[in-house]
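1. I would like the atomic coordinates for the input below:
(chains A and B)
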Amino acid sequence: MTIDETPSSAGSRPGTRHELERYAELFASRTQVMKSSAMRDLMAITARPEVISLAGGLPDTSTFPRETFDALMGDIGRRELARALQYGPTEGIGEVQACITEVMAAEGMRVAPEDVLVTTGGQQVIDLVCKTLIDPGDVIIAEAPTYPGAVPVFSSYQAEVVQIELDADGMRIDVLEAELARLDAEGRRPKFIYVIPSFQNPAGVTLAVDRRRRLVQIARERELLILEDNPYGLLRYEGRPHPTLWALDDGEYVIYLGTFSKILSPGLRVGWTVAPRPVLEKMNLGKQAADLCSSTLTQVFVSSFFAAGGWQAYLASLITLYRGRRDVMMEALAEHFPPEATWTRPEGGLFVWATLPDYIDTTDLLARALRENVAFVPGRAAYLDGRGGSSLRLNFSGVDETAIREGVRRIGEVVREQVSLYSTLTGAVPAPVPADRGAAAADVVDLGARRAQSA
Amino acid sequence: MRVAVLKGGRSLERQVSLRSGAQVEDALARLGHEAVPIDVGASFVRRVREVEPDVAFIVLHGTDGEDGSVQELLDVMGIPYTGSRPAACRRCWNKIDAKLEMRRAGLPTPDFAWFSRTAFAELGAGDALDAAAERLGMPLVVKPARQGSSLGVRFVAAPAELPGALVSAFAYDSSVLLETFVAGRELAVSIVDGEPLPVVEAIPLDAGAYDFEARYEIGRTRFECPADLDLADAARARDVALKAWQTLDCEGLARVDLLLDPAAGDVTVLEVNVVPGMTETSLLPQAADAAGIPFDALVGRLLASAANS
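-> Have a look, this model is predicted:
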């Protein structure tokens, strides 16, 4: 056994100066909530080449045509090299702002280019919103489960996060209202509601239209901001698109977060936000302090790609590819997961959220699964309050269909092993396979039986 | 000397091992040795033969480095190495074997019962769980027999929690033990070449729920070195630790984890780690530092004792 990285603080004696101790004196108090954990060390192992990783949130960038890339980069080199290598405006170069209005129009949003702030990935929007709005102890409302990558951002701004459970139609608005009333009674007002309405990460569910309307109405009534994180909205594989919260609200109380990461490439690190003007101005100042501007080179790449036409054709090719992979994952889950498991059936996006019997801890399951060279994200990563221990997130966009089938088969095997062991230990009889297995899985999904509580 | 630093590997403790290895390599370089890092994997033997080290410095945590496998291979290749021989490694790595051995020698270790996966599948061991739980009493602790860094270790407050805890522990190993929970101060005594170093105490910062992962997370446990103990308790802890080291036939270095019942002054042994963490902030280097042995000197000493063995 090893116990690693153990800074002693109050108890340190003169004369024993260790590296971490020496710097620890200098660390800001917010770093105390930035944790290194066993789970993080486990996740590091998932990067081994022999591991089939259903853990990442990766789009399949191998689909981007090399000839297109060569042509675009060659063209940039010939025509715009000096500019591409130069600093740019904080709000982003004008052509990219125009491309962004085109992408937003594809989801029914009409926005002026000058109302767009280009950011370094969508992740920077979450950071800038917190930087703009959050003092230590302020309340943020988020979904339960929420995007695991937002958790360290909220933590580093020392926010208190109240997570609202989801069902197959997204955030439970009745639970949200109850929590808002509870906070009211405590004299506290949340700064913003963080929500991923379409093909939610990690749950894969989509916020129903009537709930979208009600959510926007609540924000107006209470004068709360909503941070609408919409990286996957255009990656819809079936069904009719829903209006975005921003469109329903006309941008009055909604801060919109978009990104090229999932429809083009995450390596470009180009995202954006559209926000109420006073908020946008503060975020612009925050961005100046953070990085002056996002990469001009990659912005020029995006605008050249759009100028050449064909972004929609590329998007269509991704939709076809990912729809097939989702279908394969649905089939594989139905075939290999035991009857005790439930999972969501996403109409788009990149993720499936599976929930196992509550006696299975998916962090421990990951340790076991890694011995079979397969990985997923344990559900606890998506909560700030320790919930999610029996759930897991599976990605279907990053690996091919053969790997999805094999990965799900291996995970199913270790889950079955644990279910069978538990039955042996308790004398419980394993559940029978339901007749309509797979088809109705979305109806039986339970995303958080326990009541939402503050972090 | 040319020193192969064996680190990394495929275990769940790979990251910790890489950090330990980096520290040791730096120290070896400062001492004027040629440090050759080897990330232990399928080509391990071939790599060692290419490198032709004078000594192997083992900071490989987890199965291969701690269960004696790597040590046995080094014996076969005739290369001296730091730490214990294969037989001692095997005993210490398997907590069941280590506790059986300590109990046989009359050393205090919390009462326990152990079960293999096949005993549940083929011998109906599930029906004996109640009896085991009753004998050990609640609360108890469930542990995988062979796993480090507190992974899979569960605190069980009520019998209903036991099956779930066993499922978790079996995720890491095919054998698990149920151990009586001993409330007390958590101590660690590191031993170098048979010399016990000052006692370190692990003090969890969150009161309330007992969470083993807290011991692994930065900022959730405070470590005090030397521990604030009265002289008799400190002497007893070091004495019991040394007896455990002798009983299990350890060599070179080890860290012995102990519990001290503050009321009665009793010390019990939980486990012995033959490849303890070697980052500058790990417990063994901290204890050595408190004994006036800086990190580089510690590394030099371990190297010398390996080369002379």
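2. ok, how many other residues are close to the nearest residue to B:Lys7 once chain neighbours are set aside?
-> Nearest residue to B:Lys7, sequence neighbours excluded (CB to CB, 6 or more residues apart in numbering or on different chains): B:Gly21, at 3.0 Å. For the C-beta atoms, the positions are set from N, CA and C on the backbone; glycine is no exception. Other residues near B:Gly21 come to 26 when the count uses other CB atoms under 10 Å in any protein chain shown.
3. do you know how far B:Gly21 is from chain A?
-> Per CB to the nearest CB, to the nearest Å, B:Gly21 is found 12 Å from chain A.
4. Contacts for the helix or strand hosting that residue, please.
-> Here B:Gly21 sits within helix B:14-30, counting by DSSP states H and E. For helix B:14-30, the external contacting residues (CB atoms under 8 Å, 6 or more residues apart in numbering or on different chains) are A:2, A:4-5, A:41, A:44-45, B:3, B:5-9, B:11, B:34-35, B:37, B:39, B:57, B:59-62, B:65, B:149, B:277-280, B:282, B:285, B:295-296, B:298-300, B:303.
5. among those residues, which ones are buried?
-> Among the contacts of helix B:14-30, those buried by neighbour count (16 or more other CB atoms under 10 Å in any protein chain shown) are A:2, A:4-5, A:41, A:45, B:3, B:5-9, B:11, B:35, B:37, B:39, B:57, B:59-62, B:65, B:149, B:277-280, B:282, B:285, B:295, B:298-300, B:303.
6. quick one: average confidence on the helix holding B:Gly21?
-> Here helix B:14-30 scores 91 as its mean pLDDT.
7. buried sites along it?
-> Buried residues in helix B:14-30, counted by 16+ other CB under 10 Å: B:14-25, B:27-28.
8. ok, which residues in the stretch 51-200 of chain B are in contact with chain A?
-> Counting by CB under 8 Å from any CB of the partner chain, the positions of the stretch 51-200 of chain B adjacent to chain A are B:61, B:117, B:120-121, B:126, B:129, B:148-152, B:162-164, B:166-172, B:188.
9. Now which of those residues would you call buried?
-> Burial by neighbour count, judged by 16+ other CB under 10 Å, picks out B:61, B:117, B:120, B:126, B:129, B:148-152, B:162-164, B:166-172, B:188 from these.
10. and B:Glu271, which of the three is it?
-> strand (DSSP: H, G, I helix; E, B strand; the rest coil).
11. Would you confirm that it contacts B:Ile96?
-> No. With contact defined as CB atoms under 8 Å, B:Glu271 does not reach B:Ile96; the gap is 10.6 Å.
12. still on that earlier bit, restricted to strands, list the contacts of helix B:14-30.
-> B:Val3, B:Val5, B:Leu6, B:Lys7, B:Glu34, B:Ala35, B:Pro37, B:Asp39, B:Phe57 (DSSP state E).
13. Nearest to A:Asp361, out of those: which one, please.
-> Minimum distance to A:Asp361 across those is 28.7 Å, recorded for B:Lys7 (CB to CB).
14. how far away is the residue nearest in space to the middle of chain A from A:Phe199?
-> Nearest to the mean C-alpha position of chain A, by CA atoms, centre = their mean, lies A:Tyr147 at 3.6 Å. Between A:Tyr147 and A:Phe199 the computed distance is 12 Å (CB to CB, to the nearest Å).
15. What are the phi and psi values at the closest residue to chain A within the stretch 1-150 of chain B?
-> Of all residues in the stretch 1-150 of chain B, the one sitting closest to chain A is B:Gly148 (3.9 Å; CB to the nearest CB). Main-chain torsions, B:Gly148, degrees, to the nearest 10: phi -100, psi -180.
16. what does A:Val352 give?
-> Reported as degrees, to the nearest 10, the phi and psi values for A:Val352 are phi -120, psi 140.
17. Bridged to it, which residues?
-> Counting by DSSP bridges, A:Val352 forms beta bridges with A:Leu394.
18. Just give me the neighbour total for it.
-> If you count neighbours by other CB under 10 Å, A:Val352 ends up with 25.
19. What of A:Gly386?
-> By the criterion of other CB under 10 Å, A:Gly386 has 11 neighbours.
20. dump the residue contacts of it.
-> A:Arg380.
21. Make sure it is indeed in a strand.
-> No. When classified by three-state DSSP, A:Gly386 is found to be coil rather than part of a strand.
22. secondary structure class for the residue of the stretch 151-300 of chain A found nearest chain B?
-> Nearest residue of the stretch 151-300 of chain A to chain B: A:Ser155, at 12.0 Å (CB to the nearest CB). Following three-state DSSP, the label given to A:Ser155 is helix.
23. One more: A:Gly309?
-> When the rule is three-state DSSP, A:Gly309 gets the label coil.
24. For it, report the pLDDT, please.
-> Reported pLDDT for A:Gly309: 91.
25. next one: phi and psi at it?
-> The phi/psi pair for A:Gly309 (degrees, to the nearest 10) reads phi 70, psi 170.
26. quick one, what contacts it?
-> So A:Gly309 contacts nothing (CB under 8 Å, 6+ apart).
27. So, low pLDDT: which residues of chain B?
-> B:206-220, B:280 (pLDDT under 70).
28. right, and A:Phe192 touches A:Asp138 too?
-> No. A:Phe192 lies out of contact with A:Asp138 (CB under 8 Å); the separation is 9.2 Å.
29. Outline the domain layout of chain B.
-> Split into domains by automatic domain parsing, chain B comes to B:2-83, B:111-180, B:183-292.
30. Could you tell me the end-to-end distance of the last one?
-> Think domain B:183-292. Across domain B:183-292, the terminal residues are separated by 32 Å (CA to CA, to the nearest Å).
31. ok, now the first one?
-> Taking CA to CA as the measure, domain B:2-83 stretches 17 Å from start to finish.
32. rewinding a little: so how far is B:Leu123 from the residue of the stretch 1-150 of chain B closest to chain A?
-> Going from B:Gly148 to B:Leu123 by CB to CB gives 28 Å.
33. what do you get for B:Ala113?
-> 14 Å.
34. Those two - which one has more neighbours?
-> Comparing B:Ala113 with B:Leu123 by other CB under 10 Å, the one with more neighbours is B:Ala113, at 19 against 12.
35. Go ahead and list the helix or strand containing that one.
-> Per DSSP H and E, B:Ala113 falls inside strand B:112-116.
36. Parallel or antiparallel, list what pairs with that strand.
-> Sheet partners by DSSP bridges: for strand B:112-116, these are strand B:175-180 (antiparallel).
37. List every C-alpha atom in the helix or strand following the partner strand, with coordinates, as PDB.
-> The helix or strand immediately downstream of strand B:175-180 is strand B:185-192, counting by DSSP H and E. Provided in PDB are the C-alpha atoms of strand B:185-192 (Å, rounded to 0.1, in the frame of the first residue of the first chain):
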ATOM      1  CA  ARG B 185      -5.000   6.600  16.300                       C
ATOM      2  CA  GLU B 186      -3.600   5.600  12.900                       C
ATOM      3  CA  LEU B 187       0.200   5.300  13.100                       C
ATOM      4  CA  ALA B 188       2.800   4.300  10.600                       C
ATOM      5  CA  VAL B 189       6.300   3.200  11.500                       C
ATOM      6  CA  SER B 190       8.800   3.000   8.700                       C
ATOM      7  CA  ILE B 191      11.800   0.800   9.100                       C
ATOM      8  CA  VAL B 192      15.100   1.000   7.200                       C
END
